[in-house]
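1. with the input below, show me the fold.
(chains A, B, C and D)
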4 protein chains.
Amino acid sequence: MFSNLSAGALGLSLDHTTAIDHAAKHGFGGVDPDLGHFRSLGSPSAVAEHADSIRERGLQWGMAGLPVPLDGPAETFRSALADLPDHLELLHAAGVDRVGTWLRPMHQELDHRQNWRLHLGRLSLVAELLADAGIRLGLEYIGPKTLWSTERFPFIHSLREARELIAESGATNVGLILDSYHWYTAAESAEDLAGLTDADIVSVDINDARDDRELDEQQDLDRRLPYATGVIDLAGFMDAVRAADYTGPVKVEPFMTELAQQPVDEVLADVSRRLDRAVAAA
Amino acid sequence: MFSNLSAGALGLSLDHTTAIDHAAKHGFGGVDPDLGHFRSLGSPSAVAEHADSIRERGLQWGMAGLPVPLDGPAETFRSALADLPDHLELLHAAGVDRVGTWLRPMHQELDHRQNWRLHLGRLSLVAELLADAGIRLGLEYIGPKTLWSTERFPFIHSLREARELIAESGATNVGLILDSYHWYTAAESAEDLAGLTDADIVSVDINDARDDRELDEQQDLDRRLPYATGVIDLAGFMDAVRAADYTGPVKVEPFMTELAQQPVDEVLADVSRRLDRAVAAA
Amino acid sequence: MFSNLSAGALGLSLDHTTAIDHAAKHGFGGVDPDLGHFRSLGSPSAVAEHADSIRERGLQWGMAGLPVPLDGPAETFRSALADLPDHLELLHAAGVDRVGTWLRPMHQELDHRQNWRLHLGRLSLVAELLADAGIRLGLEYIGPKTLWSTERFPFIHSLREARELIAESGATNVGLILDSYHWYTAAESAEDLAGLTDADIVSVDINDARDDRELDEQQDLDRRLPYATGVIDLAGFMDAVRAADYTGPVKVEPFMTELAQQPVDEVLADVSRRLDRAVAAA
Amino acid sequence: MFSNLSAGALGLSLDHTTAIDHAAKHGFGGVDPDLGHFRSLGSPSAVAEHADSIRERGLQWGMAGLPVPLDGPAETFRSALADLPDHLELLHAAGVDRVGTWLRPMHQELDHRQNWRLHLGRLSLVAELLADAGIRLGLEYIGPKTLWSTERFPFIHSLREARELIAESGATNVGLILDSYHWYTAAESAEDLAGLTDADIVSVDINDARDDRELDEQQDLDRRLPYATGVIDLAGFMDAVRAADYTGPVKVEPFMTELAQQPVDEVLADVSRRLDRAVAAA
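-> Modelled structure (predicted):
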């Protein structure tokens, strides 16, 4: 696995070129691809050249966002599918092989079974289209009760549910986005991660939680940098990730708005160190 | 449909004989059967005689409790099944044709799909055994968010989910226990009840809600007598029940402990009047 | 309901204009729309004009083919979705409100559950897109054992399975294409049709079966004209259709290649008489 | 793994004591337990003594039949559950830890989904009761098309379906009975067996097929002894079983009535040799 700079996940407004420079400067192993930037390059061959230059700087690609809203209105979803081949061509040209999305853990109208069918049908189709382009899809379950309990029908908010959805899809190119924060707020343990393999994991996020809140009071968008509070057992989490022989990107997504107010170099140096600690530990 | 005296649902400790006397005295149309009392009579023929005497007093049977814990541990469930034929023989001898249970709307360990499978498998089996004895099974979904959100995995807490469970069971002798309190707390409307028929409903409960709480703050065990506060649209609810040509019992289940402190005759006269209003209204 | 001329279902190569003339001449109540012809008219407004002229001749629209292959490869399906809005605009302009497809009753690779998930996911999406255009979708289950048993995994080949698929889709604009031939070969009875309403049926086909074959030997593509052999209980079938208050098209689909060798007027006069008998009988 | 003498599977009418003697004499590693014999011993302690004597002769237990009809009528199933604890007590006393049953691959009334729900519900319950007694349950899927195509609704007849049923049951003590004959008739390959572990397999049967019939013409009850015709790739099958680190019994179930007409010692010596070849090969 490798540390990955995802400026968006850090809440930093860095354009793609700047993000790449920072990733190289601060010793990240990878950087998130930017589909918007790829489009601006004008052609698949230009994108391929761009990707070569990244690799020459010793960087790998992290994960792009899935350019299809899995649970959008039917027409929105259809329209995104119509545009999908163009996006996949660019991602393919760049050598990006991971895209991801999160699963909204509740719905005001669709009950658990209706929402499951919606996601399963959409997911199966999208996964097959991605597979044709050699791209894997990561799904992130969202753990905090303060989120899943806010609408009438709670939905997937645990590792087990996410794994069952993936298994039912029949897709072999779909896996998990494992975030220590969701794992913690879902009250899961290292045991729940046992048996996972590299094929089951598309991306890993490590974050810590506030130490002045109970588990069920933690907010999805108010976290702490990894190792900041020690609330989350990051050692146990990363041991399980290592036991899976995971080979992909590891990033931080703390939703701390104050990071954007601090000197970028300071923030990134700190984040890089924390990721190195997570990736290296044994 | 007919008004039904369910002493247990009112929180009153009346023995079966006393309950029958009160039902007759206060003009209820029916009274709940008491399987414990049936057993004490010693034989199916004695139970049949007892049932004749009830009918002679102009009373019908309400609904007995399902003598099997649908979601109990496997051995508890198995053991209840072993005893079931004896219970069914007594219920059959008495002419009781409705039993019911409620669906626990959350679980700390089983996620929605696992819990669904547990309920579906158990329900299908029990329903078939009841069908052989000519007995229908009512299932009550529980609406309050203050209950379904208290454990890790919310479960069935809406009419739609309950109907899907019943449909999947393939059983034709399973229907709903419709409680205005759950219908209200589940944020359902008269439209949700449209299309129901007598075959879909095994029992009806009418209750009102406290007027000093928001919908999502209502507690399952703290309700009001029907028409007490006007929070719940009982007119719309009963119109829908009538539109279904419902023919079964209607009872009150307010979970108001103070009722047990008041003079029984006063309480029952009041409850009977409220039920008459609900049953008669057109 | 009304008799409908579907030249394709009769194996006749009539262009759309000729088909319309024949439908009017031979007293059919409706005629199948032709999406290819609509496209050739160049614009939605030209299609609307064309549709007006049909209605002036006293004809209604039958059912168009669904322009999306429900079980095609993912990319084929995606590509058809990309084109769908153009097709729907033309159908909408013409006032066509029924499209249909059949369900392949077996698969060499996908087992029943995998194939169910494929169909359910695709169906839900397509149904929602059609609903936005005010169009209903009919699904035809295929009954003959000589077809469903020819590959490794039999799939939907009964009314009950088709109805469950539709119910699970959650769509209110999807219904059945009821074909007496499939109803017969699926060993179904009038009782199986009980309870259907007009909302459950998108199209009706009536055909008879060869009288020199057993039920399980009947071939999907070798049938007889309705009332030809009396093998199929068309009276019972049509009584059930009438009991559903069905208001849509009724057509014949005999797969008899000899019809194309006979004088068209003779064939259509005969077919029209047979449909009138079916539609009128009471 | 070890060779196992299952007299019943060979069509031999040997009482339990005789079977044990033969198993020891002909060098089998195990012998099937006989619940009827256990019952005749009168008490769990007598059964435990009996089991000790078996182990002293160097034999392990094979697999007992599941004493519950998974797909029987509800009352039959219930009644078997009522008796189950007594059976489990005896099996437990004997140290038997494997029971098994087969899955009927078709149904005249229940469609695939209805039958799935029936099996899933019953299986989950039975598995949990067995788990409490430390017993694993093996399920055998049946492959021949000449069987699954004989009734209206084909059911589970492939490894993949059987594995999905087991996974959905949520039980960790349920696995497969892998029979080379079903694997062959289901047109499966060594690849389909890849990834299985010892925990996934409860019993293994090896049989060969007639060489004068096509795959889809093979009859469930007309097989050949392993290595007799070479139709089935037993080397590939056993390699996959070995790759799973399988530790349980391997037996032969040829359904060849002529075996009962031959000298028992000759038959068992031959069967033992064939099993040794399968078990030993590397």
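2. strands of chain A, start to end?
-> A:2-5, A:30-31, A:60-61, A:64-65, A:98-102, A:106-107, A:136-140, A:153-154, A:174-179, A:201-205, A:249-251 (DSSP state E).
3. which other helices and strands contact the fourth one?
-> So that's strand A:64-65. strand A:98-102 (3 or more Cβ pairs under 8 Å, 6 or more residues apart in numbering or on different chains; DSSP states H and E). (C-beta placed from N, C-alpha, C; glycine too.)
4. how about the strand it packs on as CSV, C-alpha atoms only?
-> Extracted C-alpha coordinates of strand A:98-102, given in CSV (Å, rounded to 0.1, in the frame of the first residue of the first chain):
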residue,chain,number,x,y,z
ARG,A,98,-9.8,2.7,-9.1
VAL,A,99,-13.0,4.8,-8.8
GLY,A,100,-15.1,5.1,-5.8
THR,A,101,-18.3,6.3,-4.3
TRP,A,102,-20.1,6.2,-0.9
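5. and the closest residue to chain D within chain A, how many neighbours?
-> For chain A and chain D, the shortest gap (Cβ to the nearest Cβ) falls at A:Ala167, measuring 7.5 Å. A:Ala167 has 13 neighbours, counted by other Cβ atoms under 10 Å in any protein chain shown.
6. so what's it closest to, chain neighbours aside?
-> D:Ala167 (7.5 Å; Cβ to Cβ, 6 or more residues apart in numbering or on different chains).
7. that neighbour and chain B, how far apart?
-> From D:Ala167 across to chain B, the span is 11 Å (Cβ to the nearest Cβ, to the nearest Å).
8. quick check, pLDDT for that residue.
-> In this model, D:Ala167 is scored at 97, pLDDT.
9. go on, A:Ala282?
-> 57.
10. gap between the residue nearest to A:Ala167 and chain C?
-> Relative to chain C, and taking Cβ to the nearest Cβ, D:Ala167 is found at 11 Å.
11. one step back: so the residue of chain A closest to chain D makes contact with D:Arg163?
-> No: shown here, A:Ala167 and D:Arg163 do not form a contact pair, counting by Cβ atoms under 8 Å, at 10.7 Å.
12. just to check, A:Thr146 is in contact with A:Gln219?
-> Yes: A:Thr146 lies in contact with A:Gln219 (Cβ under 8 Å); the separation is 5.4 Å.
13. give me the low-pLDDT residue ranges for chain A?
-> A:281-282 (pLDDT under 70).
14. chain B contacts on that one?
-> A:111-113, A:116, A:145, A:149, A:152-154, A:158, A:160-161, A:164, A:186-187 (Cβ under 8 Å from any Cβ of the partner chain).
15. please repeat the previous calculation with a cut-off of 10 Å.
-> A:106, A:108, A:110-116, A:145, A:148-150, A:152-161, A:164-165, A:168, A:186-187, A:216 (Cβ under 10 Å from any Cβ of the partner chain).
16. any of these buried? List them.
-> Listed as buried from the residues of chain A next to chain B are A:106, A:110-116, A:145, A:148-149, A:152-161, A:164-165, A:168, A:186; burial here means 16 or more other Cβ atoms under 10 Å in any protein chain shown.
17. quick one: the helices in the stretch 151-282 of chain A?
-> A:159-169, A:180-185, A:190-193, A:234-243, A:264-280 (DSSP state H, counting those that start in this stretch).
18. pick the most deeply packed of the ones you listed.
-> Comparing the helices of the stretch 151-282 of chain A by mean neighbour count (mean count of other Cβ atoms under 10 Å in any protein chain shown), helix A:180-185 comes out on top with a mean of 25.
19. could you identify which of the strands of chain A is most buried?
-> That would be strand A:249-251, which, of these, has the most neighbours on average (mean count of other Cβ under 10 Å), namely a mean of 27.
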